[in-house]
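>>> give me coordinates for this.
(6 chains)
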Amino acid sequence: MLDEIVLNETLKEESTEIQLKDLYQLISQLRKIRRKYSDDLHKKELSVYEELAESLFELRSSKLIEGINIKGFDSEFLDILNQMKRIYVNFISGKYFTQEDKILCLVKVKFSINDMNLYPGDLILLPLKQVLALITLDYITPIEVE
Amino acid sequence: MLDEIVLNETLKEESTEIQLKDLYQLISQLRKIRRKYSDDLHKKELSVYEELAESLFELRSSKLIEGINIKGFDSEFLDILNQMKRIYVNFISGKYFTQEDKILCLVKVKFSINDMNLYPGDLILLPLKQVLALITLDYITPIEVE
Amino acid sequence: MSLLSIQLKALSRVNMLIKKKIMVLEDWGPFDDGFEEISLSKGSEDEVRFWLAKELQKNSLVKISESISLDELGRILFQERQNINTPASLVKVPKDFYYRISVLLEDLKKENSLEALEQLRKARQLLEEIVSIRIRKIIQLAFLKISDQNILDKLTAEEILVYRNIKYTIEHNIGDIIGYTTS
Amino acid sequence: MSLLSIQLKALSRVNMLIKKKIMVLEDWGPFDDGFEEISLSKGSEDEVRFWLAKELQKNSLVKISESISLDELGRILFQERQNINTPASLVKVPKDFYYRISVLLEDLKKENSLEALEQLRKARQLLEEIVSIRIRKIIQLAFLKISDQNILDKLTAEEILVYRNIKYTIEHNIGDIIGYTTS
Amino acid sequence: MENFLKEPNKDELRQLASRILSESETCIRISYTPDDLIFAFLVLKYGKQNSISFTSNECKIELITNDAGKIIKINNQQFYIGRNAFTSIFPVSTDDVLPILAGITTSMILERRNYTELELDIINNDLVKLGVITEKNLKIPNYKSLPLFFSLMLSFDPYIPEVTGNRENSIKMLKEINISETDRLEDIDEAKLNSLVYKIISNTLKINPRFSRENLITDRAYYLEYDSLELALSLIYFLDLKGSGDLFQFTISPNYAETIIYKFRDELSKGFFIKNVEETNNYYIVETNLKSPLLIQLILLQMNKIKRNKPIIIKLPEGFFTSRTQVLKIKEGLNKVEDLNKGNL
Amino acid sequence: MENFLKEPNKDELRQLASRILSESETCIRISYTPDDLIFAFLVLKYGKQNSISFTSNECKIELITNDAGKIIKINNQQFYIGRNAFTSIFPVSTDDVLPILAGITTSMILERRNYTELELDIINNDLVKLGVITEKNLKIPNYKSLPLFFSLMLSFDPYIPEVTGNRENSIKMLKEINISETDRLEDIDEAKLNSLVYKIISNTLKINPRFSRENLITDRAYYLEYDSLELALSLIYFLDLKGSGDLFQFTISPNYAETIIYKFRDELSKGFFIKNVEETNNYYIVETNLKSPLLIQLILLQMNKIKRNKPIIIKLPEGFFTSRTQVLKIKEGLNKVEDLNKGNL
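Next comes the predicted model:
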């Protein structure tokens, strides 16, 4: 259960490998509580679990930032932090073509943003945050200084 | 310059407010070095700056995870970490409708993913990572258990 | 300041799900906590998770038994003082020692009598002194690189984290500077 | 273990951009580092950023002057030992003390003679003892809540981080548990 | 595989299902009804698809319902499947007994028909083998577990005037034939049962002159503690009130049914009323506290007060509301209508 | 504003520019040429637009170049701007002297024309006020700062056979008229200058019989340490080799010009050769080590060896390469051609 997982994660220096199947039962039960009850006591109970989940996130993302490898159901998700770091470092160290906080990117696939269609080969100037999101989706690639 | 900024960030418990304009000169000079030279010594120099930028990211994101408010040019970008935490906590604490690691979401605007067009009102089942990216772009919203 | 505080916060959250012994003061339930159905009968002893015990105690429905008394605190302080400079002399306390104290403090706060106020003051003072001595001993342990399991067993989970944090600080970091620099 | 190591790593990286005094052994340059153009003349004294000094020293083009000698290390250790139990007696060392030692160690490693090997062993031993005594004093400072600026000025930036980390651990964390729990 | 010119047999349907599940990644276009949604969620559960559209013209798989019956379109090939529920095409397995049973039953309820022959075949043969219990009995929700008065309160079809949604009247009617508040159907004797049937029919005849014993005593199916009728009504209710999340979770993990039914009973036990029905050019406006336009439609159809041609808007003290089952909207669940005069809600 | 039926005047162009910059968020469609790109990047720099398309039919702003000249389309309204460079429409300011000068000059070079009257007006009046220095002088890159031999090596237009791209021959030619390796143009006297002009013209006549003194002595513009001709050639070269990043950064922060020119000289100082030119159905294949198909095209057009109708493919030891200036591709810069026989590169 979640308390044991968090305890483990707290006491161990490495990161534990959390299987999604170890969480199924918990997620399913908490969803049911959430759906069935709305009294204060159940709200308190849910907040206890939410805070535990928050601690799990804090512990695992802190470890990732320290350079510890994260395994388990959330490894791909938390890996976004590494992607964020890459973008941050590239931005500050002049690896991108930029105007203020915006980065020149090349469109890889057709998609739309703010009601505007973009086509492969188009150029687009985007702030850091959107660059991350669109890289995650593999829609764009920042043009790099070489 | 970057060394002073990182030093400040290292020695202070709070987070310093970094203005983008304090970085312009640096970014521009490093871009020029990158573009002009490719010898080992310049590569070494660039790696010194890249590592400093990496440290800046590590310091600031660690502080953010601890709950310290980040101000400056990167506040919106680093805020993605808070969004990640919300998604992580909601997922584990049963606030989403899920199948394994995938979350049921409602499409807010027309967009396309994997060559498939999605329209407002469509339902889509997506893994955590894509949910984050598409929330950042305001394309979708996970359906919440209420 | 970082991971230690994140870890301690996590520990206190984990503790919320640990079952604690209670005295039931009023009939209560049934309550479906999603994992089991809980019904409490007045006058019986029972066990419920800490978060629930605290909520019920707030409404005077139960009393958490796993508290600690002022006398016990006094006794622990006396023992700690006996060998104030011998780190290995740390008194073995319950793993949830600090949570028990928190229950005591909350109890006393709730009573709202002059006597309780005085006891609250006393309890806080005892706590402060105990923590001060134990931390000094823990620092000594870390500094002397003592990692004898028998001694570590005397610490609470929180103290172990503090011990580890200090040990890590002592052992690694100055060396690491040289390491970073020569790399 | 976390922020401290991230901070120490950051400090060592910051240090790479600090200018260090060098003796120029061979003509070198001009080199455009993007911020200034550097030309070094054989036989002159000059200042370049630490990362560049290290690279040039690696190729025997310069010698970093801001090193430290075995004798100085010995003298510092002697002084530290004088008042081994008085934390305020910390010897004031240069802010970049540990970087100077790293320069010394690298120098000795490079020499590759039997004598240098012996000196390297000696230097490491001195370093270890100095660190051990200073850390003990720093812990005492933190424990005694001494934050006299005159004393803190004797510490290197890295030691200040260690001091703060231990001070924070001592002052906050056990108290925080009770705080988390009663909230 | 051929397009079906007449009603297909079970084997043909099963082949259709396996063909859909083997389709490579694409969306599926459906209508916003429980049967269509359960169908689509089953496809998400077992197939490679990950999205469902209600408007896209680009989906390779499409569910079409028109006056002539139902059609499944795969890559522009159409397969006619008659009146059968879309969910009936899936092969049954222990994991999907409830979703399939619920899909078929919601389809039967909302289309105001009996189970088709094929559906009965699936229920009585395939599902019974997996533990479903069938019988001919009263068409009131979960008469096996609920006290009779509550079962009557939950009877949306047949809608029993004065009794459905009304706790006092329901108890009063039972009292008149000496049935106590806590009695369940199995607690009462044959004589009382006959009186009850008589009472219900005569009551219902007031609003529906064609109502007969055959409309009341129908094919009924139970699985574990679940009555398919009660389950289907719960799913319809929450689809309307909250949106498709519950239906999704129920299809993915059928033990979620317990949660839906718990919440359904919890909300409906308070009773409800339906007051005025006003017809405007574009909708029916109903003053009620029952927050399901779809169930209101079901009731009003029985009372012959409305046709299916216009959406239901409900009038609550907080304003006018309607749901995604009534109006093609992008929001899920019951939503406030900001401006009744705007053609497009 | 009216569509322009004849060549517009400067005021009309300025109004066009301010209209484009005030357009609300949208994309801009252009061709992949330096002038178009600088234009678009200036719009990104000052307007609300954030994207540039080379294929979209949905952009409100479009730059069109055809045989009759250039057209700017805004919301389906067309404005004819004659032969003038697109960048010439922008009002000049200290911050944009270089981008505008470079835009106009790349346009002039690649279209193989002289500056238009309007462009000369802008250069000689508007830009001169901001510090640009103009003169009639040799059309060889940066004769003010570079040693003459290097200036001659970089002369892409006029292409001086045997000399352009060839360090030894360039030095040899100068030696023949007693000009030393390190001399710059200002170091030599009138007699040597006349000999040099004669040498260049007679050399160039070998490949281009219509070449005259007027082609060699042209309007030249300098700003700070930059020669517009050298700058324009550098931008063309790196657009071809690397992609649009350099042009972007140069437009946003013009002091980036120093980096581009530094790198251009660095790469070109090694010299280059152009060997065989082979014409196939779909392209010209050129054996060379000059990694700019666009500059090769410029040279071969002077030599009358090719027409503009087919893309240039260059043959390097590593394989066949072409760039985005030649073939509508989604990749930036010089890219390997995987299969020459595939119609679509």
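
>>> look up how far chain B lies from the residue of chain E found nearest chain C.
Scanning chain E for the residue nearest chain C gives residue E:262, at 9.4 Å (criterion: CB to the nearest CB). All C-beta spots, glycine's among them, are computed from the backbone N, C-alpha and C. Counting by CB to the nearest CB, to the nearest Å, the separation of residue E:262 from chain B is 14 Å.

>>> mind checking which helix or strand the residue nearest in space to the middle of chain E is in?
The centre of chain E sits closest to residue E:106, judged by CA atoms, centre = their mean, with a distance of 2.8 Å. Using DSSP states H and E, residue E:106 sits in helix E:97-110.

>>> so, in contact with chain A or not, that helix?
No. Residues of helix E:97-110 contacting chain A under CB under 8 Å from any CB of the partner chain: none, with a closest distance of 15.2 Å.

>>> repeat that for stretch E:26-46.
No. Figure legend: stretch E:26-46 not in contact with chain A (CB under 8 Å from any CB); closest approach 14.7 Å.

>>> show me how far that stretch is from its chain's centre.
Here stretch E:26-46 is found 15 Å from its chain centre; the criterion is CA atoms, centre = their mean, to the nearest Å.

>>> contacts only, for residue 113.
If you meant another chain, say so; for now it's chain A. Contact analysis of residue A:113 by CB atoms under 8 Å, 6 or more residues apart in numbering or on different chains lists A:124, A:130, A:134, B:111, B:137.

>>> hmm, I had chain E in mind actually
residue E:83.

>>> can I take it that it is in a helix?
No. Per DSSP: H, G, I helix; E, B strand; the rest coil, residue E:113 lies outside any helix segment and is coil.

>>> residue contacts, the residue of chain A most remote from its centre?
For chain A, the residue at maximal distance from the C-alpha centroid (CA atoms, centre = their mean) is residue A:39, at 31.7 Å. Contact analysis of residue A:39 by CB under 8 Å, 6+ apart lists nothing.

>>> pLDDT wise, what is it at?
pLDDT recorded at residue A:39 is 97.

>>> quick one: it from residue C:32, how far?
Between residue A:39 and residue C:32 the distance is 11 Å, computed by CB to CB, to the nearest Å.

>>> ditto for residue E:138
30 Å.

>>> and whichever residue of chain C sits closest to chain E, what is it in contact with?
Nearest residue of chain C to chain E: residue C:32, at 9.4 Å (CB to the nearest CB). Taking CB under 8 Å, 6+ apart, we find residue C:32 in contact with A:33, A:36, A:37, C:38.

>>> name the nearest residue to the first one, ignoring sequence neighbours.
When the adjacent residues along the chain are set aside, residue A:33 lies closest to residue C:34, with 4.1 Å between them (CB to CB, 6 or more residues apart in numbering or on different chains).

>>> following the top helix by length along chain E, which helix or strand comes up?
Looking across chain E with DSSP state H, the single longest helix is helix E:190-205. Sequence-wise, the next helix or strand downstream of helix E:190-205 (DSSP H and E) is helix E:213-216.

>>> quick one: the helices in the stretch 201-345 of chain E, in order.
E:213-216, E:228-241, E:245-252, E:257-268, E:293-302 (DSSP state H, counting those that start in this stretch).

>>> could you pull out the strands in chain A for me?
With strands called from DSSP state E, chain A shows them at A:98-99, A:102-107, A:111-113, A:116-118, A:123-127, A:140-142.

>>> how far away is residue E:141 from residue E:298?
As judged by CB to CB, residue E:141 and residue E:298 stand 13 Å apart.

>>> ok, now residue A:2?
For residue A:2, the distance to residue E:298 equals 42 Å [CB to CB].

>>> quick one, which of those two is more surrounded?
Each of residue A:2 and residue E:298 had its neighbours counted (other CB atoms under 10 Å in any protein chain shown), and the higher figure belongs to residue A:2 (23 against 19).

>>> can you give me the end-to-end span of stretch C:18-36?
End-to-end distance for stretch C:18-36, by CA to CA, to the nearest Å: 14 Å.

>>> ok, residue C:158 touching residue C:11?
Yes. Under the criterion of CB atoms under 8 Å, residue C:158 makes contact with residue C:11 at 5.9 Å.

>>> assess the claim that residue A:85 and residue B:56 are in contact.
No. Applying CB under 8 Å as the test, residue A:85 and residue B:56 come out as separate, 10.1 Å apart.

>>> is any part of the longest helix along chain C close to chain D?
Longest helix in chain C, counting residues (DSSP H): helix C:114-143. Yes. Remark: helix C:114-143 sits within contact range of chain D at C:127, C:131, C:135, C:136, C:139, C:143, by CB under 8 Å from any CB.

>>> so what secondary structure elements neighbour that helix?
Where contact means 3 or more CB pairs under 8 Å, 6 or more residues apart in numbering or on different chains; DSSP states H and E, helix C:114-143 is packed against helix C:70-82, helix C:97-111, helix C:157-182, helix D:114-143, helix D:157-182.

>>> lowest average confidence, helix or strand, in the chain?
Since you didn't name a chain, this refers to chain A. strand A:111-113 (a mean of 85; mean pLDDT, DSSP states H and E).
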